[in-house]
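Engineer: dropping a prediction and its sequence here:
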Amino acid sequence: MRELRNNGSAVINRVLSGESLIVTRDGDEVAELRPVHQRPTHINALRKKWQGLPPLNPVALRADIDSVIDQSIS
């Protein structure tokens with residue numbers, strides 16, 4: 001509760017960025033702060049965001065996935 005009281009704006013900014021937070025008082029959980037359901041993003045806004053992405057290289061993607069997955073697991 002102290003952080004919420006002293007840094008309320010920063011706490012709300014964390015929630016706005018998608019983080020869920022538990023508020024405690026004397027170590028006991030008393031509330032949860034979480035983002036409310038956001039309105040769906042309009043398709044034109046999504047297209048604008050996607051235009052800036054680099055093209056997908058499927059060979060490089062497969063190599064990245066293979067590098068982090070244990071290939072001995074069947």
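Structural biologist: Here it is on my side, so go on. Residues are numbered from 1 along each chain as shown.

Engineer: using CSV, write out every CA atom in the longest helix anywhere in the chain.
Structural biologist: The longest helix of the chain (DSSP state H) is helix 58-68. Extracted as CSV, the C-alpha positions of helix 58-68 are listed here (Å, rounded to 0.1, in the frame of the first residue of the first chain):
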residue,chain,number,x,y,z
PRO,A,58,11.2,-19.5,-42.0
VAL,A,59,14.6,-21.1,-42.1
ALA,A,60,16.0,-18.8,-39.4
LEU,A,61,12.9,-19.2,-37.3
ARG,A,62,13.3,-23.0,-37.4
ALA,A,63,16.9,-22.7,-36.5
ASP,A,64,16.1,-20.4,-33.5
ILE,A,65,13.4,-22.9,-32.3
ASP,A,66,15.7,-25.8,-32.7
SER,A,67,18.4,-24.1,-30.7
VAL,A,68,16.2,-23.8,-27.6
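
Engineer: so how far is it off the chain centroid?
Structural biologist: Between the centre of helix 58-68 and the centre of its chain there are 23 Å (CA atoms, centre = their mean, to the nearest Å).

Engineer: and if you look at stretch 62-71?
Structural biologist: 24 Å.

Engineer: same question, stretch 29-49
Structural biologist: 10 Å.

Engineer: can you check stretch 10-23 too?
Structural biologist: Distance, stretch centre to chain centre, for stretch 10-23: 11 Å (CA atoms, centre = their mean).

Engineer: so for it, what's the average pLDDT?
Structural biologist: Mean pLDDT, stretch 10-23: 90.

Engineer: buried ones in that stretch?
Structural biologist: Buried residues in stretch 10-23, defined by neighbour count with 16 or more other CB atoms under 10 Å: Val11. Every residue, glycine included, has its C-beta placed from N, CA and C.
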